[in-house]
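Q: take this sequence and fold it.
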Amino acid sequence: MGSAVITARAAATFDPVGRSVAAARAFVRDTLQGWGYTDVVDDAVVLTSELVTNAVVHAGTAADVLCLRTEDGVRIEVSDHYPEREVPLRRPGPDHTGPDRENGRGLLLCAALASRWGVEYSPTHKHVWFQLDLPERPVGIRSAGPQLPVGLLPVADERVRVAVVQTDSTGCVTAWNEDATFLFGYPPDQVLGKQLTDFTAWPQTPGTNTGIAEALRLSHWEGSYGIRGADGRTIPVYASHLRVRDPHGDPSTVCLLVRDYERAVLQSPPRTPVSDANAENRKADPFEIFIGSPAPDDLDGLLQRTVERARDILDADSAFLLLATDDETELEVRATTGLPSARQRFARVPVEAGTGRYGSARMPAVHEDLDTVPGAVPLLAGTGMRSVVTVPLKVEGRLTGSLGVAAETAGRYTNEEALRLQFAADRIALAVESARLGELERLRRGSLSFLVEASDLLAGTLDRDQTLALMAQMTVPTLATWCAVYTIADQSSDPYLSYVLHEDEERIDGLKALLSRIAPPDPVPTPGARVWHAPSEAAHQAALRTSMRTLGLSEPDGPGPGIGTTLATAAAVGGETVVLPLVARNRVIGMLTLGKPADDHFRQESLELAEDLSRRAALALDNARLYSERMAISQSLQRSLLPPELPEVPNVEIEVIYRAAGEGNEVGGDFYDVFPIRDGAYGFAIGDVCGTGPQAAAVTGLARHALRLLAREGFGGPAVLERLNAAILDEGARSRFLTLLYGELWPQEDGSALLKVVCAGHPLPLRLRQDGSVEAAAEPQPLLGVMEDLDLYEQTVTLAPGDVLLCVTDGVTERREGTRMLGDDGLADVLATCTGLTAGAVAARILRAVERFAAEPASDDMAILAMRVPEPPTA
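A: The predicted model follows:
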């Protein structure tokens, strides 16, 4: 301090807790105000707040604050007790300290705001001190200006007229003095009881968004507007409004008005400039120093820095910043300090919360005591804050957000603090809006990428269960902490809980049990997310009941989950829960439910993205439903076209393998049948109808049932096929040509089997003899469904013991790998290796050879019919 005489001192020690920062600010403010040093209070509080934050938050030690008063100013010392601190050495090189870095920002502020400052290190302590000099000012005068020559004094009329107008709470004129009559020409009886705004010529002060009606409801206001005189001329005036209340508690506004060129009579003096000695150290605006230049790159960092500095400027206990949605109907909490941020973050409040001046976020507002106006600021409900000031953030006249600070004591803030905070808000509004738009653009690009990926995944499956799983996995944890999907089978069905997912797998069972106990959300088709309170309320009640049972305050009502599981489930669903309808083809097919943990909220952008996802997911889910229904119909129809079981044929082994190509949603054209004709005689058939689908199925059904009917009527093979050919041609345009191998089989007493076969355009049956030779067992004849007059004949084949007759469809012989095809010769080579195998083993080896012939899945249906006459047992 040099030769300065210390006239007073005050000291305090603050514990290493976050609350100590606010306590230190209050200590310094109270001390300096008690000493009468109000001119340097703000700067001292800002510097102390930053230095104490470094001590108790970053160093993690207690902080000692010492205030020393001199005749010329004040010196404040802040010490921490960081153990074994290394004494820093000044090294050459670039200085990396910047206003946007946490490390060293307190010293940067000292350099910007203090008259003098310094740092003293020891192995166990660090002392940072700063000196703030008082501006030169006559003692006892709150504000004063220099003596001026007469020629420089403001110009006024010989007699200054000051109109005194008083309005009631509705803006009606209740008092009108003589000077008002002189200035504007209206006698009192012409204006009393009328709205003052009826006489104002300009709807608002140029350069601001505050109209006269709003200005009349402010606690204090100064500005210019015009009054229309009785002669029709507009008289520019300068006005000073003061809001007062009468002994009965009714509010009114006293308006003092002078001619605009006489504004010096009423205009409040500007803030006293700092002395020239400190001008160099105070080039930068303090608020700009707080934000940092350049500002943080990310929006969240900028907003958090803003609320912290706003809190420090007004020595508040808390501060908050909300950003407006695109339609300016709601404000979303984006940054807080001194409040339970986890509970408040992304909470939304309406811009127009009610009627009147304080019901809108578009105007500054000062609440001296929230206890007298409960619910005025919902964000602060239950926080203990009593006084609050809020100001709008505007860019080009458009509301972009709201900045507020609050204190735990009533009456802390007046219109003066509102003006200071509004000035700060105006300085950062453009930077915040620019950062918000940048974040919004990044979110939109990310949303597009997310939706493209989601669409690809949803389009890649037609399985209902997999679609449900994808819906949940895409939302958790990207959009929500947990997700539940309800489905609705038809219009008469209730919603059914089909899928539940939580980012913590241990919470899934408890969450599913909770949702199963409550009624599902109503299937409302209205687009958009709507809040659903039932899960959080049910979880809270369950946790309360379990806690009471645990404490022995209530009787158990049956076995249930433990207290740990119940409380964990309650925390998991305690936040915001929203329901989005799944609408496809003008029908609600389900609901997508998204939830957050306790006291957490959704961002508006997340809800919009979830709404886009729900539309895509609904269509994918409905497509999966339609596909499942179609597959079930196809599979049912396919089963109806094949025999339910094969008959037991004496002394003949019969094995059939059928493989449908594709995903099972189309009815194949291949079919087979083995059936008894009469005693000792059996019919068998294997065929292939051209094409797939319902028309091919119709021909398949016709062929299979016609074969059985005609054979049992006693017709021989050629006659059966000729009549079937005629029936197919009778179908006209719906007909399909058909390749068919039909035969009749008679087991013989000597152990052999007699066969009569007709091969109508079908791959020839192959006969495997016991010696390993393979030969065709029939000759090719015309296929069915093409020509009207067919001259078919049957051929007789006798299978000796050990012989095998193999019948296949063209899906076997036409199996391809590039330019190679298995063909009849390849099939014969495989069959030649099956000597001595049973009919089942022969069919299995043929199928395995066909599947291994090519790497790609089969593109055509395959049917394999193997018949073998077993060898007699040896003695």
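Q: which residues does residue 772 contact?
A: Counting by Cβ atoms under 8 Å, 6 or more residues apart in numbering, residue 772 makes contact with 832, 835. Any C-beta I mention is one placed from the backbone N, CA and C, and that applies to glycine too.
Q: state the distance from residue 476 to residue 231.
A: Per Cβ to Cβ, to the nearest Å, residue 476 is found 73 Å from residue 231.
Q: repeat that for residue 710.
A: Distance, residue 710 to residue 231, by Cβ to Cβ: 116 Å.
Q: between those two, point out the one with more neighbours.
A: Taking other Cβ atoms under 10 Å, residue 710 and residue 231 do not tie; residue 710 has more neighbours (21 against 8).
Q: for the closest residue to that one other than its chain neighbours, pull up the helix or strand it's in.
A: Among residues not flanking residue 710 along the chain, residue 720 sits closest, at 4.4 Å (Cβ to Cβ, 6 or more residues apart in numbering). For residue 720, the element it lies in under DSSP states H and E is helix 717-729.
Q: likewise for residue 109?
A: Using DSSP H and E, residue 109 maps to helix 105-113.
Q: packing partners for that helix?
A: Helices and strands touching helix 105-113, by 3 or more Cβ pairs under 8 Å, 6 or more residues apart in numbering; DSSP states H and E, are helix 41-53, strand 116-121, strand 126-133, helix 286-291.
Q: tilt between whatever helix or strand comes next after the first one and strand 126-133?
A: Taking DSSP H and E as the definition, the helix or strand that follows helix 41-53 towards the C-terminus is strand 63-69. Interaxial angle, strand 63-69 versus strand 126-133 (axes from the mean of the first three to the mean of the last three Cα atoms, to 10 degrees): 30 degrees.
Q: what average pLDDT does strand 63-69 get?
A: Taken as a whole, strand 63-69 has an average pLDDT of 90.
Q: what's the angle from the helix or strand just after that strand to helix 41-53?
A: Sequence-wise, the next helix or strand downstream of strand 63-69 (DSSP H and E) is strand 73-80. Relative orientation of strand 73-80 versus helix 41-53 (the same axes, to 10 degrees): 10 degrees.
Q: adjacent strands (with direction) for strand 73-80?
A: Next to strand 73-80 in the sheet, as set by DSSP bridges, lie strand 63-69 (antiparallel), strand 126-133 (antiparallel).
Q: those strands into JSON lines, with extra columns for mean neighbour count and distance to residue 486?
A: Output for those, formatted as JSON lines (neighbours: other Cβ atoms under 10 Å; distance: least, Cβ to Cβ, whole Å):
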{"stretch": "strand 63-69", "mean neighbour count": "21", "distance to residue 486": "55"}
{"stretch": "strand 126-133", "mean neighbour count": "21", "distance to residue 486": "60"}
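Q: about what we covered before: select, out of the helices and strands packed on helix 105-113, the one closest to residue 543.
A: helix 41-53 (37.3 Å; Cβ to Cβ).
Q: which strands and helices sit next to the closest one?
A: Partner elements for helix 41-53 (3+ Cβ pairs under 8 Å, 6+ apart): helix 19-35, strand 63-69, strand 73-80, helix 105-113, strand 126-133, helix 286-291, helix 299-313.
Q: worst mean pLDDT among the ones you listed?
A: With a mean of 50, helix 286-291 has the lowest mean pLDDT of the helices and strands packed on helix 41-53.
Q: redo the strands paired with strand 73-80 as TSV? Include distance to residue 425.
A: Output for the strands paired with strand 73-80, formatted as TSV (distance: least, Cβ to Cβ, whole Å):
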stretch	distance to residue 425
strand 63-69	30
strand 126-133	26
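Q: mind checking which of those strands is nearest residue 796?
A: Closest among those, using Cβ to Cβ: strand 63-69, at 111.8 Å.
Q: count the neighbours of the residue nearest to residue 78 when sequence neighbours are not counted for me.
A: Nearest residue to residue 78, sequence neighbours excluded (Cβ to Cβ, 6+ apart): residue 51, at 4.0 Å. Number of residues near residue 51 (other Cβ under 10 Å) recorded here: 27.
Q: against residue 305, how distant is residue 51?
A: Here residue 51 is placed at a distance of 17 Å from residue 305 (Cβ to Cβ).
Q: check residue 626 too.
A: 54 Å.
Q: the two: which has the busier surroundings?
A: Counted by other Cβ under 10 Å, residue 626 and residue 305 do not tie: residue 305 has more neighbours, with 20 against 14.
Q: which residues in the stretch 701-850 of the chain form strands?
A: For the stretch 701-850 of the chain, strands defined by DSSP state E, counting those that start in this stretch occupy the ranges 738-747, 753-760, 766-768, 774-776, 795-799, 804-808, 816-817, 820-821.
Q: pLDDT (mean, whole number) over the longest one?
A: Computed over strand 738-747, the mean pLDDT rounds to 93.
Q: go on, the last one?
A: Per-residue pLDDT over strand 820-821 has a mean of 90.
Q: likewise for the fifth one?
A: Looking at strand 795-799 alone, the average pLDDT works out to 94.
Q: what helices or strands is it leaning on?
A: Strand 795-799 packs on strand 753-760, going by 3+ Cβ pairs under 8 Å, 6+ apart.
Q: now the strand it packs on: buried residues?
A: Residues of strand 753-760 classed as buried: 753, 755, 756, 757, 758, 759, 760 (neighbour count, 16 or more other Cβ atoms under 10 Å).
Q: ok, now stretch 793-812?
A: Judged by neighbour count using 16+ other Cβ under 10 Å, the buried positions of stretch 793-812 are 794-795, 797, 799, 802-812.
Q: from these, which is closest to residue 838?
A: The closest of the buried residues of stretch 793-812, once distances to residue 838 are taken by Cβ to Cβ, is residue 804, at 9.3 Å.
Q: quick check, pLDDT for the closest one.
A: Listed pLDDT for residue 804 reads 95.
Q: cool, residue 180 as well?
A: For residue 180, pLDDT reads 94.
Q: what do you get for residue 713?
A: Looking at residue 713, the pLDDT reads 91.
Q: how far away is it from residue 706?
A: When distance is defined by Cβ to Cβ, residue 713 is 10 Å away from residue 706.
Q: more neighbours: which of those two?
A: Shown here are residue 713 and residue 706; by other Cβ under 10 Å, residue 706 has more neighbours (17 against 11).
Q: give the contact list for that one.
A: With Cβ under 8 Å, 6+ apart, residue 706 has these contacts: 720, 723, 724, 727.
Q: phi, psi for residue 528 please.
A: When read as degrees, to the nearest 10, the backbone of residue 528 gives phi 100, psi 160.
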